[in-house]
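Enquirer: Next comes the sequence, and after it the predicted model I'd like to discuss.
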Amino acid sequence: MPRKGLRSFFFSSSKMISAPSPSFPQSPITSCPSSPLHSFSESMMEENLTNAEEIITKWDQNNTSYSKITSLFYDNRQEAREFLRSVKDLQHSMHTLASENSSSHKLIHAQKLMQTAMKRLEKEFYEILSANRDQLDPESISSRSSTATRSSNSDYEDEIGSDDEIQTAGDSIREVEHVSSFAMSDLRLITESMISSGYGMECVKIYKIIRKSIVDESLYRLGFEQLSYNQILKLNWETLEIKIKTWLKASQIAIKTLFFSERILCDHVFSSSNRIKESCFSEFTKEAAVNLFSFAESAAKTKKSPEKIFRILDLYNSITELWPEIESIFSYESTSAVRSQAISALIKLGDSVRVTLSDFETAIQKDSSKSSIPGGGIHPLTRYVMNFISFLSDYSINLSDIFADYPLQVQTPLPETLSFDGSPTADNPLSSISVRFSWLILVLVCKLDSKAELYKDVGLSYLFLANNLQYILSKVSSSDLQPLLGEDWISKHEQKLRQYVSNYERMAWTKVIQSLPENPTAEISLEAAKEVFRKFNSVFEEAYRMQSSWIVPDGKMKEEIKVSVAEKIVPVYRMFYMKYRVLLREERDLEGVVRFAPQDVGNYLSVLFSGTGVSGSVTSSHSDASR
């Protein structure tokens with residue numbers, strides 16, 4: 001659907017407000033000066049000079065106060081067209097006079113008239129640009145273009161609004177376009193006349209001054225502050241981050257609205273000369289556009305840290321998204337510096353990201369904290385790294401582009417968790433960044449293995465590894481890391497998690513399990529039964545006391561471990577208890593021998609991993625009478 005508004009006007013083939021000059025037949029070189037044809041030509045030239053002198057003199061701003069304060073194009077548009085036609089006829093007459101006698105008084109007089117006419121047009125050009133500053137403002141142009149598009153779409157959409165709203169919007173658009181179209185038409189007619197008369201630089205100078213002020217003012221209103229590289233280096237991160245956020249918003253409007261509209265405007269006004277419109281647009285926009293992208297490059301060169309990488313990626317993403325517009329708007333050879341600066345900024349931003357991630361990996365490997373986490377909980381390094389990587393996965397497309405030519409360099413053969421093709425393909429262009437994410441997690445897991453050695457209890461070290469791997473998996477499953485790493489990666493690490501849990505149960509509860517007979521209903525002596533109870537009491541109490549301060553933050557895994565441990569202990573203990581508790585009821589110190597009922601064991605296991613800890617002895621809650 002065609003876009004309405006001023007943009008469509010810029011590209012329309014509207015008719016020029018001018019009339020064709022009289023056609024003068026070329027007389028042969030051998031023609032006689034007194035021939036009828038030559039006399040007719042002289043007569044027409046005389047008439048052109050007379051008509052031109054009459055209307056040009058009338059609007060000579062040095063002749064009357066009326067012409068000083070009145071606009072030719074606003075006062076009488078018909079007369080403005082006649083003025084332009086007279087200038088064109090005058091120009092034709094000057095060419096004829098110059099070919100016959102370059103020093104004739106008529107030619108000198110015509111030249112003076114032309115100078116007077118050009119001064120008038122120069123004044124009109126300035127006044128139209130100044131008076132229509134609001135209508136020709138780039139942001140207004142873009143806004144009107146968008147509004148016009150919505151109005152156009154409303155013809156085909158049922159829910160855009162009521163008929164009255166559409167009519168009101170349409171009237172408003174037409175009114176604005178009406179004013180703008182007259183101004184644009186007049187500016188183009190003036191430049192065509194002045195350029196064809198050899199006075200193009202006069203209107204170019206005016207245009208550059210006025211439009212450059214609009215560009216500078218618009219960037220200032222958008223909050224863009226021109227800072228040198230040294231000034232940016234001196235900013236603290238909080239201040240720089242604010243300026244980056246401002247830049248991210250400003251750059252979108254600056255490119256898609258400000259420079260886009262200025263390009264359209266300039267191309268339209270100076271459509272009669274490709275050379276002039278290029279040089280004009282380049283001169284009043286190039287510096288501002290280069291400064292815009294040099295800020296991003298300077299920000300990329302500041303001191304690097306993991307926390308800053310997200311803003312650097314935001315800058316990279318913004319320029320990448322804007323690149324089609326940048327390439328289109330600044331397509332002239334004279335504006336190649338803008339394209340070069342944008343590309344340079346992308347390169348420096350990419351370098352910054354790669355260096356930051358490399359430093360991040362090194363920081364994980366060199367983490368030297370020696371304190372163990374109480375209860376085998378989640379290590380701060382695990383939280384920090386996984387939160388960082390999960391946030392980083394939101395930028396996977398940009399990261400794939402940044403690392404496209406920088407494959408991961410690791411020793412071969414690759415670890416099992418990296419044993420998939422890390423080369424980007426047409427089907428999986430993100431596989432290279434998937435490998436890098438997987439590698440960072442592997443570096444973390446290896447570091448956690450070394451930190452698990454800080455625990456004196458082997459069972460607690462395995463619980464620590466299980467807790468941290470569970471956290472890693474939860475962050476992967478709840479972020480964009482899941483599709484990047486894939487189901488195979490998750491399956492392998494879930495299997496590793498189950499292995500950690502199994503090792504924990506084996507190391508932490510083997511003594512308790514082994515204190516009970518393999519066949520709890522087998523016949524043994526009462527003394528042997530009492531010894532089983534005493535040993536169970538001792539090892540269970542010790543295991544519980546030790547593990548009462550251990551924690552499992554993940555609720556689901558906590559319940560699964562408690563159920564698994566209880567299934568290995570409680571049923572066996574219950575059968576043994578039910579068989580020998582009755583046989584030992586005559587024992588004097590029964591409470592000292594049989595300290596725990598099966599329900600007590602289950603109750604104690606059910607409150608494990610809360611990290612509360614216990615002091616003193618574990619006591620039974622069962623009463624002899626109730627059993």
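Expert: Alright, I've got the coordinates.
Enquirer: so where's the stretch 1-150 of the chain uncertain?
Expert: 1-44, 63-69, 100-103, 137-150 (pLDDT under 70).
Enquirer: likewise the stretch 301-450 of the chain?
Expert: 410-430.
Enquirer: pLDDT (mean, whole number) over the helix or strand harbouring residue 232?
Expert: Take DSSP states H and E as the rule and residue 232 turns out to sit in helix 229-233. The average pLDDT within helix 229-233 is 93.
Enquirer: Check stretch 476-488 too.
Expert: 93.
Enquirer: do the same with stretch 512-532
Expert: Here the average pLDDT along stretch 512-532 is 88.
Enquirer: what about it, start to end distance?
Expert: The first residue of stretch 512-532 is 11 Å away from its last residue (C-alpha to C-alpha, to the nearest Å).
Enquirer: related to what we said a few turns ago, and the helix holding residue 232, what does it pack against?
Expert: Applying 3 or more C-beta pairs under 8 Å, 6 or more residues apart in numbering; DSSP states H and E, we find helix 229-233 packed against helix 274-300. In short, each C-beta sits where N, CA and C put it, glycine included.
Enquirer: Next secondary structure element downstream of the helix it packs on?
Expert: Counting by DSSP H and E, the next helix or strand C-terminal to helix 274-300 is helix 309-329.
Enquirer: buried set for the helix holding residue 232?
Expert: Of all the residues in helix 229-233, those buried under the rule 16 or more other C-beta atoms under 10 Å are residue 232.
Enquirer: Dump the C-alpha coordinates for that helix into PDB.
Expert: Output in PDB follows, covering the C-alpha atoms of helix 229-233 (Å, rounded to 0.1, in the frame of the first residue of the first chain):
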ATOM      1  CA  TYR A 229      36.800  10.100  23.400                       C
ATOM      2  CA  ASN A 230      38.700  11.400  26.400                       C
ATOM      3  CA  GLN A 231      35.500  12.800  27.900                       C
ATOM      4  CA  ILE A 232      33.800   9.400  27.600                       C
ATOM      5  CA  LEU A 233      36.700   7.600  29.100                       C
END
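Enquirer: Distance from the very next helix or strand once past it to the middle of the chain?
Expert: Using DSSP H and E, the helix or strand that follows helix 229-233 in sequence is helix 237-253. Distance of helix 237-253 from its chain centroid, counting by C-alpha atoms, centre = their mean, to the nearest Å, is 12 Å.
Enquirer: now helix 237-253 against helix 309-329, angle please.
Expert: Orientation of helix 237-253 against helix 309-329 (axes from the mean of the first three to the mean of the last three C-alpha atoms, to 10 degrees) gives an angle of 30 degrees.
Enquirer: Helix 237-253 vs helix 274-300, what angle?
Expert: Angle, helix 237-253 to helix 274-300, by the same axes, to 10 degrees: 160 degrees.
Enquirer: Hmm, residue 465 is touching residue 500, no?
Expert: Yes: here residue 465 reaches residue 500: they are 4.7 Å apart, a contact under C-beta atoms under 8 Å.
Enquirer: Of the two, which one has the most company?
Expert: Neighbours per residue (other C-beta atoms under 10 Å) separate residue 465 from residue 500, with residue 465 holding more: 24 against 20.
Enquirer: Quickly find the element holding that one.
Expert: helix 458-477.
Enquirer: now swap in residue 567 and tell me
Expert: helix 555-583.
Enquirer: as a whole number, average confidence for that helix?
Expert: Helix 555-583 carries an average pLDDT of 91.
Enquirer: and that helix, which residues are buried?
Expert: Judged by neighbour count using 16+ other C-beta under 10 Å, the buried positions of helix 555-583 are 557-558, 561-562, 565-566, 568-570, 572-577, 580-581.
Enquirer: For that helix, enumerate the helices and strands it packs against.
Expert: Where contact means 3+ C-beta pairs under 8 Å, 6+ apart, helix 555-583 is packed against helix 458-477, helix 481-514, helix 526-547, helix 598-606.
Enquirer: Include distance to residue 246 when you put those into TSV, please.
Expert: Below are the helices and strands packed on helix 555-583 laid out as TSV (distance: least, C-beta to C-beta, whole Å):
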stretch	distance to residue 246
helix 458-477	31
helix 481-514	31
helix 526-547	54
helix 598-606	56
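Enquirer: looking at those, which is closest to residue 187?
Expert: Among those, helix 481-514 comes nearest to residue 187, with 53.6 Å by C-beta to C-beta.
Enquirer: What is that closest one packed up against?
Expert: helix 431-452, helix 458-477, helix 526-547, helix 555-583.
Enquirer: With distance to residue 512 added, can I get those in a markdown table?
Expert: As requested, the helices and strands packed on helix 481-514 are arranged in a markdown table below (distance: least, C-beta to C-beta, whole Å):
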| stretch | distance to residue 512 |
| --- | --- |
| helix 431-452 | 22 |
| helix 458-477 | 11 |
| helix 526-547 | 5 |
| helix 555-583 | 6 |
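Enquirer: Which of those helices sits closest to residue 349?
Expert: Per C-beta to C-beta, nearest to residue 349 of the helices and strands packed on helix 481-514: helix 431-452, 16.0 Å.
Enquirer: Can you list the buried residues in that closest one?
Expert: Buried-residue list, helix 431-452, by 16+ other C-beta under 10 Å: 431-445, 447-448, 451-452.
Enquirer: So which elements touch that helix?
Expert: helix 336-365, helix 380-392, helix 396-402, helix 458-477, helix 481-514.
Enquirer: Buried deepest among the ones you listed, which one?
Expert: helix 458-477 (a mean of 22; mean count of other C-beta atoms under 10 Å).
Enquirer: could you give the angle of it to helix 380-392?
Expert: Going by the same axes, to 10 degrees, helix 458-477 makes 10 degrees with helix 380-392.
Enquirer: Just the CA coordinates for helix 458-477, please, in CSV.
Expert: Taking C-alpha atoms only, helix 458-477 is exported to CSV below (Å, rounded to 0.1, in the frame of the first residue of the first chain):
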residue,chain,number,x,y,z
VAL,A,458,32.3,-36.7,50.9
GLY,A,459,28.5,-37.0,51.0
LEU,A,460,28.2,-33.3,51.5
SER,A,461,30.5,-32.6,48.6
TYR,A,462,28.2,-34.7,46.3
LEU,A,463,25.1,-32.9,47.7
PHE,A,464,26.9,-29.6,46.9
LEU,A,465,27.5,-30.7,43.3
ALA,A,466,23.9,-31.9,43.0
ASN,A,467,22.5,-28.6,44.3
ASN,A,468,24.7,-26.5,41.9
LEU,A,469,24.0,-28.6,38.9
GLN,A,470,20.3,-28.5,39.6
TYR,A,471,20.5,-24.7,39.7
ILE,A,472,22.4,-24.7,36.4
LEU,A,473,19.7,-26.9,34.8
SER,A,474,16.9,-24.7,36.1
LYS,A,475,18.5,-21.6,34.6
VAL,A,476,18.9,-23.3,31.3
SER,A,477,15.3,-24.5,31.2
